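Enquirer: next comes the sequence, and after it the predicted model I'd like to discuss.
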Amino acid sequence: MINNKVKIKTTNLNVYYGDKQALNDVNLEIHSKEVTALIGPSGCGKSTYIRCINRMNDVIDICRVTGSIEIDGNEINKKEIDVVSLREKIGMVFQKPNPFPKSIYDNVSYGPNIHGLAENKVKMDEIVETSLKKAALWNEVKDRLNEPGTSLSGGQQQRLCIARAISVNPEVILMDEPCSALDPIATAKIEELMDELKKSYTIVIVTHSMSQAVRVSQRTGFFHLGKLIEVDTTEKIFKNPNNKMTQDYITGRFG
Amino acid sequence: MNKDQLLKKRYRAEKRFKFYGLVSITLAILFVIFLVNVIFSKGRAAFQRTTIAVEVNFNTEELELSSNASIEEIQDADFYDLSINSLLKLYKTEGAKQEKELLRVFSPDHDIEIKNFLIKNLDNLNKNVIVNLTTSDDIDQLHKGNYPRHLPEERRRISDFQLLIYDQLVKENKVNKVFNTFFFTNGDSRNPEVAGIGGSLFGSFFTIIITLILSFPIAIFASIYLEEFAPKNRITDFIEININNLAAVPSIVFGLLGLGILLGTFDLPRSTPLVAGITLSLMTLPRIIIPCRASLKAVPPSIREGALAVGASKVQSVMHHVVPLSIPGTLSGTIIGLAQALGETAPLILIGMVAFVVDIPATPIDPSASLPVQVYLWSEQAERGFVEKTSATIMVLLSFLIVMNFIAVYLRQKFEKKWS
């Protein structure tokens, strides 16, 4: 079950927003083809951490990232890296479902389209279909691909966003609290989906729900005040953590 | 104060507030009704023109034309004598004074009107035809019931003899009111009965087109760059403050700029829609950039992030997602900016558009008037005919503005998409 091939490795990662330090010397290894959950109280730097991996922090003017981020042994935290091809390899799903105000079909075909992954319409139809099938949404939307993506329910929208992320065939999927805006039934569907997806993708999920971390992840990292306090297999973290703070957090004594 | 009293006080405050609101809205509506009523009651009459039926004999010999004359030949011919003779047959006159008074019942350009009638109806050559000729402004106003005919003769411009002629012609059913096409097709004139807004319509049209061509692309690119690409630093802050300040600069200052730079330094032709368009573009630019930036800012950041996360470049995320979503706000901002430019008078006065221009401009570099300036020009005139024409021009200008604003609202509703 536990995979030992390291996909993403960060060494001495520091992130500053202006004068404020958001991450402090984070050293973390994320293993290939498994789900890594990042937990911790609000503002502890979990989201900041995953936004470093696909360089989404570049969008924020005052943000500064130092340290090393390696993907498959290649350094990506340097100027020469082309963020467009990096983000093609590392997809992201956000906290609030954010489908484009376009048709369901166009939502999924947008990524393959700008990267030129389909040479004709037939190929594109194929990519859209497989992406939607992988996101477990195909059966619900196959008859209304031309309706706007925003007309779907919240859970369906989030699965559409997952379909959009996997349409460009990434290696890693980052999920930033993907279920926090969803009801329990929609959440259960996304969790089932993640179980399926981890066979082909490396998944990093930020979550506020301990039970979700236990259900979906194989490895868990606990962040507090910008520091990575502890990382280990999910089983170990939740049964017998090394650090007292971790123990206090998962038992609900703070956070 | 106990709880009950507090609650009552709160209800009273709420009622008072609603009352103030209702009073303000009622006052505003009353003002609008008053304004529209004044303009309509004064301007309505300008859409009608009084004519008198005159029998004209288009005798080719008398006109010194060949029996089947071409249009060019008729254009060159002199219709003055024929016109005078036809008019004088209308009423028996004694002496040169009475003849003159009879001719003054008509608009001074009666011979040209007769010529134009023949050019339009060539088969009337060598025939006796009834032509409806435009009356002078005074008779026009008399027929519309706006002339104080009960005053003693020395205080009227219409003489007693002219009143006799008029009453006789009315009795013979020769005086008619027709729809005033001259008002839309003619250029300006010193004679209110034939003055029209044709020239200023074209002038305003050319001006707005030039303003649109210049200001729309510049404003769009400036706002996209400033909103999406420019780094946030002191220089962009400074630019932002200046754009906001420019939008508040009195329009006449832009007129001075146009006068000094466009006419003075670059020596562009004065009184032309070209100069007016450039001047108004300068004025309109900040007024379009501000709503454009606001509508770009209103696009939720999650859309940008969604696009970036699938690997779109910055330009792709802006052009494929942000700009299409901002189109309704951008378009309505542009149209409202142009509507403001259409109604602008002060800067046009400074660049010489107040000149008296009779010809209808064919290109943007011909001298011309524009609608608001025409209102200003006619409002200074003493003749009653110009009073109603002033109001009628305001009606035309207002209807353009209302149509433009409706288009803005329509476009906004049509293209507005709901995002989650």
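Expert: Alright, I've got the coordinates.
Enquirer: for the residue of the stretch 101-250 of chain A found nearest chain B, phi and psi?
Expert: Using C-beta to the nearest C-beta, the closest approach of the stretch 101-250 of chain A to chain B is made by A:Gly111 at 3.7 Å. Yep, even glycine has a C-beta here, placed from its N, CA and C like the rest. Main-chain dihedrals, A:Gly111, degrees, to the nearest 10: phi -60, psi -60.
Enquirer: my read: it touches A:Arg164, true?
Expert: Yes: the pair A:Gly111 and A:Arg164 passes the contact test of C-beta atoms under 8 Å, sitting 6.3 Å apart.
Enquirer: of these two, who's got more company?
Expert: Taking other C-beta atoms under 10 Å in any protein chain shown, A:Gly111 and A:Arg164 do not tie; A:Arg164 has more neighbours (31 against 27).
Enquirer: so what pLDDT did the residue of the stretch 101-250 of chain A closest to chain B get?
Expert: Note for A:Gly111: predicted pLDDT of 93.
Enquirer: ok, it to B:Ser317 distance?
Expert: Per C-beta to C-beta, to the nearest Å, A:Gly111 is found 12 Å from B:Ser317.
Enquirer: now swap in B:Ala392 and tell me
Expert: Applying C-beta to C-beta, the value for B:Ala392 to B:Ser317 is 51 Å.
Enquirer: now the residue nearest to A:Ser68 when sequence neighbours are not counted, what are its backbone angles?
Expert: Excluding its sequence neighbours, the residue lying closest to A:Ser68 (C-beta to C-beta, 6 or more residues apart in numbering or on different chains) is A:Thr11, at 4.4 Å. Note on A:Thr11: its backbone torsions stand at phi -130, psi 130 [degrees, to the nearest 10].
Enquirer: was I right about A:Thr11 contacting A:Asn27?
Expert: Yes: the pair A:Thr11 / A:Asn27 is scored as a contact, 5.6 Å apart, by C-beta under 8 Å.
Enquirer: which SS class is the residue nearest the centre of chain A?
Expert: Nearest to the geometric centre of chain A sits A:Leu174, at 1.5 Å (C-alpha atoms, centre = their mean). Secondary structure for A:Leu174, judged by DSSP: H, G, I helix; E, B strand; the rest coil, is strand.
Enquirer: how close does the closest residue to B:Ile158 other than its chain neighbours get to B:Gln162?
Expert: Distances taken as C-beta to C-beta, 6+ apart place B:Asp138 nearest to B:Ile158, at 5.1 Å, with adjacent residues excluded. Separation of B:Asp138 from B:Gln162 (C-beta to C-beta) stands at 8 Å.
Enquirer: just B:Phe266 next, same as before
Expert: 53 Å.
Enquirer: the two: who's more crowded?
Expert: Set side by side, B:Phe266 and B:Gln162 show more neighbours around B:Gln162, with 21 against 9, by other C-beta under 10 Å.
Enquirer: now do the contacts for the residue in the stretch 101-250 of chain B positioned nearest to chain A.
Expert: Per C-beta to the nearest C-beta, B:Lys232 is where the stretch 101-250 of chain B lies closest to chain A, at 5.7 Å. By C-beta atoms under 8 Å, 6 or more residues apart in numbering or on different chains, the residues touching B:Lys232 are A:Asp61.
Enquirer: if I look at it, what pLDDT would I see?
Expert: B:Lys232 is given a pLDDT of 84.
Enquirer: next one: B:Lys418
Expert: 55.
Enquirer: what mean pLDDT does stretch B:139-156 get?
Expert: The average pLDDT within stretch B:139-156 is 88.
Enquirer: residues in contact with it?
Expert: Here stretch B:139-156 makes contact (C-beta under 8 Å, 6+ apart) with B:45, B:48-50, B:52, B:105, B:134-135, B:138, B:158-160, B:162-163, B:166, B:175, B:177, B:193, B:384-385.
Enquirer: over to stretch A:56-74?
Expert: Stretch A:56-74 is contacted by residues A:7-18, A:25-26, A:48, A:51-53, A:75-77, A:83, A:89-90, A:92, A:172, B:231-232, B:304-305, B:308-309 when judged by C-beta under 8 Å, 6+ apart.
Enquirer: repeat the analysis, applying 7 Å as the threshold.
Expert: Applying C-beta atoms under 7 Å, 6 or more residues apart in numbering or on different chains, the contact partners of stretch A:56-74 are A:7-18, A:51-53, A:75-77, A:83, A:92, B:231-232, B:305, B:308-309.
Enquirer: which of the residues you listed are buried?
Expert: Neighbour counting over those (16 or more other C-beta atoms under 10 Å in any protein chain shown) leaves A:7-10, A:13, A:15, A:51-53, A:76-77, A:83, A:92, B:305, B:308-309 as the buried ones.
Enquirer: do a quick rundown of the helices in the stretch 151-300 of chain B.
Expert: Ranges of helices within the stretch 151-300 of chain B are B:160-171, B:182-185, B:198-224, B:234-247, B:251-257, B:273-297, based on DSSP state H, counting those that start in this stretch.
Enquirer: and the helix or strand containing B:Glu72, what does it pack onto?
Expert: Using DSSP states H and E, B:Glu72 falls within helix B:71-76. When contacts are defined as 3 or more C-beta pairs under 7 Å, 6 or more residues apart in numbering or on different chains; DSSP states H and E, helix B:71-76 sits against helix B:110-120.
Enquirer: after the helix it packs on, which helix or strand is next?
Expert: Sequence order places strand B:128-134 as the next helix or strand after helix B:110-120, per DSSP H and E.
Enquirer: mind listing what's buried in that next one?
Expert: Neighbour-count burial for strand B:128-134 [16+ other C-beta under 10 Å]: B:Val129, B:Val131, B:Asn132, B:Leu133, B:Thr134.
Enquirer: before we move on, what about stretch B:48-63?
Expert: Applying a neighbour-count criterion of 16+ other C-beta under 10 Å, one finds B:Gln48, B:Arg49, B:Thr50, B:Thr51, B:Ile52, B:Val54, B:Val56, B:Phe58, B:Leu63 buried in stretch B:48-63.
Enquirer: do stretch A:42-52 as well
Expert: Neighbour-count burial for stretch A:42-52, counted by 16+ other C-beta under 10 Å, picks out A:Cys44, A:Gly45, A:Lys46, A:Ser47, A:Thr48, A:Tyr49, A:Ile50, A:Arg51, A:Cys52.
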